[in-house]
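A.B. asks: Any chance you could fold what I've pasted below:
(one chain, ligands or ions: 2)
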Amino acid sequence: MRLSNWGYRADFYVYPVLIAASTSATLWHGSWRSAGQAMAAGVIGIFVWTALEYALHRWVLHRVQPFKRLHAMHHAHPGALIGTPAWLSAPLFLAMWAALGRGASPALAGGFITGMMVGYLAYAALHDAVHHRRARPGTWLYHAKLRHACHHRDASHSEYGVSCGLWDAVLHTSSHPSPPPGRHKPPDADARGRRSWALPKDTPRR
Ligand SMILES: [Zn+2]
Ligand SMILES: [Zn+2]
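C.D. replies: Ligands and ions are numbered 1, 2, ... in the order given. Below is the predicted model:
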């Protein structure tokens, strides 16, 4: 949904606080062994986030109403302050933490959710940078901008991963740099995308 400047930036204040709080809460009373378990669960949480990010983007934001309509606003206005507000996403992570805590140890549940929130924050920061920051050709950010530009350019049939291209590679939805033949229609959104959002000049075209 369309957000105010403060609402759009809230993720970058709320999540560092939540991550610091969940890390402290997870490690405070634990042993070295449980700290190790929490860190391993955190790494798994980050990894699971990348899969969830891909799945939500591909199968929810592009298919299920009303999310599809809200996400279409971002595709139509890529530079606008549109996103998921922190007041909606943060309680979902906390609810997930509470649910996991019923079955898993505090170290595993806390470590996993902390990892998920780190993944979410990285996603939010990268998606913001991809749309609103300049990057020099050849840098990692520039490559991320190219991949995401392909998603916007391709009328949303490829490059669903923002944080990383892993799941696009695994599930054959990569279009950058070498698209699978015949998988994507020539994008009629290309010209609109280039006008409304400065695609990197070397975004591959078909
Ligand atoms: Zn985008
Ligand atoms: Zn999309």
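A.B. asks: give me the number of residues near Ala144?
C.D. replies: 20 (other CB atoms under 10 Å). (Each C-beta comes from the backbone N, C-alpha and C, glycine too.)
A.B. asks: actually Gly165, not the one I wrote
C.D. replies: Residues lying near Gly165 (other CB under 10 Å) number 20.
A.B. asks: Which residue of this protein lies farthest from its centroid?
C.D. replies: In the chain, Ser31 marks the outermost C-alpha relative to the chain mean, sitting 32.5 Å out by CA atoms, centre = their mean.
A.B. asks: List the buried residues in the helix or strand hosting Trp97.
C.D. replies: Trp97 is part of helix 86-103, with elements assigned from DSSP states H and E. Neighbour-count burial for helix 86-103 flags Ala86, Ser89, Ala90, Phe93, Trp97, Leu100 (criterion: 16 or more other CB atoms under 10 Å).
A.B. asks: cool, stretch 54-70 as well?
C.D. replies: Neighbour count says stretch 54-70 has Tyr54, Leu56, His57, Arg58, Leu61, His62 buried, by 16+ other CB under 10 Å.
A.B. asks: Among these, which one lies nearest to Ile113?
C.D. replies: Distance ranking of the buried residues of stretch 54-70 against Ile113, using CB to CB, places Leu56 first at 16.5 Å.
A.B. asks: Relative to Gly119, how far out is that closest one?
C.D. replies: 12 Å (CB to CB, to the nearest Å).
A.B. asks: Could you do Ser4 as well?
C.D. replies: If you measure Ser4 against Gly119 using CB to CB, the figure is 25 Å.
A.B. asks: Settle it for me: which of the two has more neighbours?
C.D. replies: Comparing Ser4 with Gly119 by other CB under 10 Å, the one with more neighbours is Gly119, at 22 against 10.
A.B. asks: Not counting residues beside it along the chain, what's closest to the more buried one?
C.D. replies: Distances taken as CB to CB, 6 or more residues apart in numbering place Trp49 nearest to Gly119, at 2.8 Å, with adjacent residues excluded.
A.B. asks: likewise Pro85?
C.D. replies: Gly7 is the one closest to Pro85 (CB to CB, 6+ apart), at 5.5 Å.
A.B. asks: check which helix or strand covers the one you found.
C.D. replies: Residue-wise, Gly7 maps onto helix 5-9 under DSSP H and E.
A.B. asks: now what about that helix, what contacts it?
C.D. replies: Residues outside helix 5-9 that contact it (CB atoms under 8 Å, 6 or more residues apart in numbering): Leu81, Gly83, Pro85, Ala86.
A.B. asks: what's the closest of these to Lys145?
C.D. replies: Distances from Lys145 to the contacts of helix 5-9, taken by CB to CB, are shortest for Gly83, at 17.4 Å.
A.B. asks: Model confidence for that closest one, exactly?
C.D. replies: For Gly83, the pLDDT comes out at 80.
A.B. asks: May I have the residues that are in contact with it?
C.D. replies: Met1, Leu3, Tyr8, Asp11, His74, Ala124, His127.
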